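>>> have a look at this fold, sequence not included:
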């Protein structure tokens, strides 16, 4: 312990002798960006039709859906919570936005479809 203080005293004397003025050292702190904990996501299904790109995923305990319209280059749904309906033949994921109803279906054979019902318009596309 005494050698540490002797070393510091020697360093101060040397620095003072070299023309460095002893003074107060100001420390600068840098704020780190806040980190928001994110919930892990697990993809349930993802597929593309000629006009849509679809992803159904679980985030925590909630199942959610993204639907991207390739014709308009717009995201129609972004992490929209869905209702899940299971039957022997298929699983359906349904949600609504305004007057539009979105239904994604996956059957036992792996065939997948996207259906969008809006007033005066029904869009249905499938892939396998």
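Noted; the coordinates are in hand. The model shown is predicted, which means the values in this text are computed figures rather than measured ones. Numbering: from 1, shown residues only.

>>> so residue 42 is in which element?
In the assignment (DSSP states H and E), residue 42 maps to strand 41-48.

>>> elements contacting the following helix or strand past that strand?
Counting by DSSP H and E, the element after strand 41-48 in chain order, helix or strand, is strand 52-59. Strand 52-59 is packed against strand 41-48, strand 62-69, strand 112-118, with contacts defined by 3 or more C-beta pairs under 8 Å, 6 or more residues apart in numbering; DSSP states H and E. All C-beta spots, glycine's among them, are computed from the backbone N, C-alpha and C.

>>> any idea which of the ones you listed gets closest to residue 124?
Comparing those against residue 124 with C-beta to C-beta, the closest turns out to be strand 112-118 (4.6 Å).

>>> that older thread, parallel or antiparallel, which strands does the strand holding residue 42 pair with?
Sheet pairing here is set by DSSP bridges, and for strand 41-48 it gives strand 52-59 (antiparallel).
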